[in-house]
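Trainee: Curious how this folds, go ahead:
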Amino acid sequence: MFNVETNHQHTGKAALYFLLQTLIIIRIVSVAEHTCHLQFLLFIFNNVYPAESYHAAEERAKVASNYQLLLIIWGKVTKYSPFFVTLFPDIKKIYEKMDTFENILRKDLSQFLLSMKEVDERMPECPDVEDKWESIAKAYIPDGIREFQDFPSASLGWMMYIGMAVAKMWDTDWEIYSKVADLYAYMRDKRGYDNMDEYIREEVLLLQGIDYTILERITGECASRVYNALMHQRLEPGTKEAFNGYVACLHQLYLFGAAMQLKRMGYHMTKM
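Mentor: Coordinates of the predicted model:
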């Protein structure tokens, strides 16, 4: 698709900027919501944002949100154009490390939830729910990071509830819910961030009594497990690696939350 010239006049940041910008616009415009993600491109070339941007929690959340989209973009770019892997080896290493850690989380959560009979051995496939992860993560991360230091279990566990809620919405009336611009904000604003777990259990999943309590315990245990796994990585707080690990935890909790709810609603993957 691209005619990449190899002479030295067309190397350097200007050429890479043009190529990557073109690829993003053509291949993944659905991810780049406003088509003006200059910060993501600068991140690739500068590797990290200026240190002073980390002094303010609000700015840190903004950087975190941008970095999440960068990783999403990187995953999609490498699928469409392996050529770019050779241009950005450092970003490739970051992405691969996230994938390795996610595999550890996936295996642990799968074994635990299988033992509780909350998921099947073969995870369900629900592209509509999986596709919502990117927009939900981007919206959730500023709130999640703000809460993580004092309330890590809530910061992580709430994402499992969100996964379950989206799966329930998919089964209930996806024609309506799929058109909601920001599903995370839609749920959060019902009762506020602190009470979002209660809202989802009571008004989305319609749980009462022992079922309400059991889900609270299971979600709490899953959040605790991924938090312990994250701490064992010994990542330096405030770094892109630490943020990377946090996002991996959220991603798996979202997917397993959706898988739990799909099974509860009677959906199972079977061999043909």
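Trainee: so M196 touches Y161, yeah?
Mentor: Yes. Here M196 reaches Y161: they are 6.8 Å apart, a contact under Cβ atoms under 8 Å. For every residue, glycine as well, the C-beta is placed using N, CA and C.
Trainee: What residues of stretch 126-135 count as buried?
Mentor: 126, 129, 132-135 (16 or more other Cβ atoms under 10 Å).
Trainee: would you turn the residues you listed into a markdown table with distance to A185 and secondary structure?
Mentor: Supplementary listing: the buried residues of stretch 126-135 in a markdown table, determined by distance: Cβ to Cβ, whole Å; DSSP: H, G, I helix; E, B strand; the rest coil:
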| residue | distance to A185 | secondary structure |
| --- | --- | --- |
| C126 | 22 | coil |
| V129 | 18 | helix |
| K132 | 13 | coil |
| W133 | 15 | helix |
| E134 | 15 | helix |
| S135 | 10 | helix |
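Trainee: Return the member of those nearest to N103.
Mentor: Each of the buried residues of stretch 126-135 was checked against N103 using Cβ to Cβ; the closest is W133, at 16.9 Å.
Trainee: if I read this right, that closest one contacts H251, doesn't it?
Mentor: Yes. Between W133 and H251 there is a contact under Cβ under 8 Å: 6.6 Å.
Trainee: on that earlier part again, neighbour count winner among M196 and Y161?
Mentor: The neighbour count for M196 versus Y161, taken as other Cβ atoms under 10 Å, is higher for Y161 (27 against 21).
Trainee: Give me the distance between the closest residue to that one other than its chain neighbours and E236.
Mentor: Computed as Cβ to Cβ, 6 or more residues apart in numbering, the closest residue to Y161 that is not its neighbour in sequence is I200, at 4.4 Å. Relative to E236, I200 is positioned 33 Å away (Cβ to Cβ, to the nearest Å).
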